[in-house]
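return atomic coordinates for the entry below.
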Amino acid sequence: PLAGQHIVTVPGRASGVSLAQVTGDAVECLTIRFKLRSSAPTTGVPLENVISFTVQEMLNPTVAFVNNEAGYLLDDRDGASTAGRITTEAVAVVGAFVYTARGQLVNTAPLTGTAVTTQLNVVEHYTQASLPSSEETSSYTCA
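Down below sits the predicted model:
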């Protein structure tokens, strides 16, 4: 393959896949996931026309029914396009959930004169679902 080229050959239906599942006007053939370089911009500005592909050949057992046709991409716009765009963004915290080790916290200070304290645990969740949640107790304070 040439640089930037990827060849996929599918010899037939996978075991357990019915003919009805691979027949029709809109049959999903391929899903591709990309990993962006660390130098990719994280400004949220769409990068236009950065991905496209050509279907060189699709055949059934007797005839080639696609030859050198532009492939259609579904990106963040409505509808299909032959030139896709990618929008990147920096990873950000989208939620922080707080919990304590105790199921109940009772303020007994008015009865005993001793302040009641407990540790709060904070778990952050991010815009990138593939990142694990993390505990970040040191960067939070109670008001």
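
pull the helix or strand with minimum mean pLDDT from the protein.
strand 54-59 (a mean of 80; mean pLDDT, DSSP states H and E).

quick check: neighbours of that strand in the sheet, parallel or antiparallel?
strand 64-70 (antiparallel) (DSSP bridges).

chain center to the strand it pairs with: distance?
30 Å (C-alpha atoms, centre = their mean, to the nearest Å).

contacts for it next, please.
Contacting residues not belonging to strand 64-70 are listed as 52, 53, 54, 55, 56, 57, 58, 59, 82 [C-beta atoms under 8 Å, 6 or more residues apart in numbering]. Backbone N, C-alpha and C define where each C-beta goes, glycine included.

closest to residue 24 out of those residues?
Nearest to residue 24 among the contacts of strand 64-70: residue 58, at 14.0 Å, using C-beta to C-beta.

show me what contacts the closest one?
64, 65, 66.

ok, of these, which come out buried?
The neighbour count (16 or more other C-beta atoms under 10 Å) marks nothing among these as buried.

export those to a markdown table and tack on pLDDT?
Shown next, in a markdown table, are the contacts of residue 58 (pLDDT from 0 to 100):
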| residue | pLDDT |
| --- | --- |
| 64 | 78 |
| 65 | 80 |
| 66 | 82 |
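
could you dump these into CSV with distance to residue 128 added?
Listed next are the contacts of residue 58 as CSV, based on distance: C-beta to C-beta, whole Å:
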residue, distance to residue 128
64, 41
65, 39
66, 35
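
count of neighbours near residue 84?
Neighbourhood size, residue 84 [other C-beta atoms under 10 Å]: 20.
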